[in-house]
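In: Below: sequence and its predicted model.
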Amino acid sequence: MRVVYSPLHLGHEIVTETVMGLPVPANEVAERAERIRTTLEADGGYTLEPPSDHGDGPILAVHDAGLLRFLSEAWQEHRAQGIPRPSLIPETLFVRGYVEGMVGDGFTPREPAFIGGRAGFYALDTSTPIVAGTYTAARASVDVALTAVDAVLGGEDAAYGLCRPPGHHAGRSTYGGYCFFNNAAIAAQAITERTGERVAILDVDYHHGNGTQQIFWRRGDVLYVSLHGDPTRQYPYYLGYADEVGVGAGRGANLNLPLPAGCSNAQYLEVLERGLERIADEPGSIVVVSLGLDTYGEDPIGDLALTTDVYHEVGRRVAALGRKLVILQEGGYHRPALGENVRAWLRGVDGRPYDPTPATGFTAAGTRG
Ligand code: SP5
Ligand code: ZN
């Protein structure tokens with residue numbers, strides 16, 4: 001399988017994130033993508049290639065121009081405004097209550113000049129710091145996704161984009177949840193434009209892909225199916241409920257499948273079947289997969305109980321749809337098992353058996369061997 005990877009992600013070097021106002025060690029770190037890359041290289045069945053530049057067009061097809069401009073300028077503005085901090089985190093967030101009862105009635109929210117307020121005009125949370133290399137990394141991550149699309153439109157049955165930073169929390173005009181541009185949404189949009197076909201997005205990251213849902217909410221040509229920790233207890237909290245089905249032409253083209261804490265492999269596979277049945281009902285030849293491994297039992301921010309061997313089975317079942325797959329990396333924060341979990345998933349897609357790499361010290365059951 002072709003794997004698209006860019007070392008430019010290394011410039012998005014995050015040390016701490018802010019959770020409920022306090023700094024904690026960052027979860028979404030460069031080591032994640034490097035672990036995945038080295039594990040796939042060691043496997044031997046994956047050929048790494050760099051992304052090609054796809055320009056602004058595919059980004060602006062799903063994102064607000066203001067978000068793109070902000071992200072492209074944010075770090076230099078932060079520096080120019082003389083703020084002596086290692087990363088840019090918003091001072092305020094533009095929550096709906098500021099303008100409740102005002103919007104659309106002769107009032108338009110405006111983007112301020114001070115960078116701490118400007119960041120909050122676009123941010124969803126305070127856990128997504130911007131550093132010197134963030135924009136370059138986020139652009140490269142989009143190009144990784146679009147190069148994986150090129151591989152599949154060029155005839156490959158499946159391609160894997162080792163995207164970092166991830167994308168599925170980024171909405172039309174918002175960044176957050178460690179995400180800046182919505183790689184999967186940009187990929188799906190490019191596929192619809194280039195094939196004229198319907199596209200399905202299967203999101204198996206532990207978190208609901210609020211950005212992807214929002215971007216395609218009114219669209220019937222892009223089906224969004226997501227399995228995730230129930231938002232009553234988990235980020236992104238405000239979206240991801242089962243009764244969110246889309247509106248207008250998009251009604252019925254959004255399927256949320258919330259999962260309970262402690263969800264086992266067997267329970268997970270049952271819910272997965274519902275998602276796969278929905279995708280199989282839809283015309284189209286390509287599925288975009290938002291692949292998060294934060295469903296893993298040892299994930300530091302997830303609370304499901306999946307093990308490495310189930311990822312092989314999930315990959316196998318997704319491939320059994322008989323659709324071409326554009327597989328894009330999202331979350332997954334238990335670094336010691338992350339490479340193996342991705343490798344198991346992709347070998348499932350390839351129809352190759354999975355045996356754990358002895359050097360990792362992890363068995364297929366996910367316990368230390
Ligand atoms: C792409 C992706 O997986 N983004 C996830 C963003 C989650 N951000 C919230 C992190 C909150 C961490 N809470 C720690 C609780 C530890 N028990
Ligand atoms: Zn996640």
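Out: Nice, I can see it. Ligands and ions are numbered 1, 2, ... in the order given.
In: give the contact list for H312.
Out: Applying Cβ atoms under 8 Å, 6 or more residues apart in numbering to H312 gives the contacts A344, W345, R347, G348, Y354, A364. No exception for glycine: its C-beta is placed from N, CA and C like everyone else's.
In: pLDDT score assigned to it?
Out: H312 is assigned 98 on the pLDDT scale.
In: Distance-wise, check R219 relative to L269.
Out: Distance of R219 to L269, computed by Cβ to Cβ, to the nearest Å: 29 Å.
In: Report whether the expected contact of N265 with T308 is present.
Out: No. With contact defined as Cβ atoms under 8 Å, N265 does not count as touching T308 (10.2 Å).
In: distance of the spatially closest residue to L255 that is not a sequence neighbour from P58?
Out: Once flanking residues are discounted, L255 sits nearest to V225: 4.6 Å by Cβ to Cβ, 6 or more residues apart in numbering. Distance of V225 to P58, computed by Cβ to Cβ: 22 Å.
In: and if you look at G331?
Out: 22 Å.
In: Please identify which of these two sits among more neighbours.
Out: Higher neighbour count among G331 and P58: G331, with 26 against 20, using other Cβ atoms under 10 Å.
In: name the element the more buried one belongs to?
Out: G331 is part of no helix or strand when elements are defined by DSSP states H and E.
In: OK, contacts around it?
Out: So G331 contacts E28, P166, Y178, D205, Y206, H207, G292, L293, D294 (Cβ under 8 Å, 6+ apart).
In: Helices - which of the contacts of H312 land there?
Out: Counting by DSSP state H, the part of the contacts of H312 found in helices is A344, W345, R347, G348.
In: pLDDT score for the second one?
Out: What it means is W345. 98.
In: sorry, back to before: neighbours around the residue nearest to L255, how many?
Out: By the measure other Cβ under 10 Å, the count of residues near V225 is 25.
In: Distance check, it against ligand 2.
Out: To ligand 2, V225 is 16 Å away according to Cβ to the ion, to the nearest Å.
In: Show the model's pLDDT score for that residue.
Out: We note a pLDDT of 99 for V225 in this prediction.
In: who's it bridged to?
Out: L202, L255 (DSSP bridges).
In: Pretty sure L257 is one of the things it touches, is it not?
Out: Yes. Using Cβ under 8 Å, V225 is in contact with L257, at 7.3 Å.
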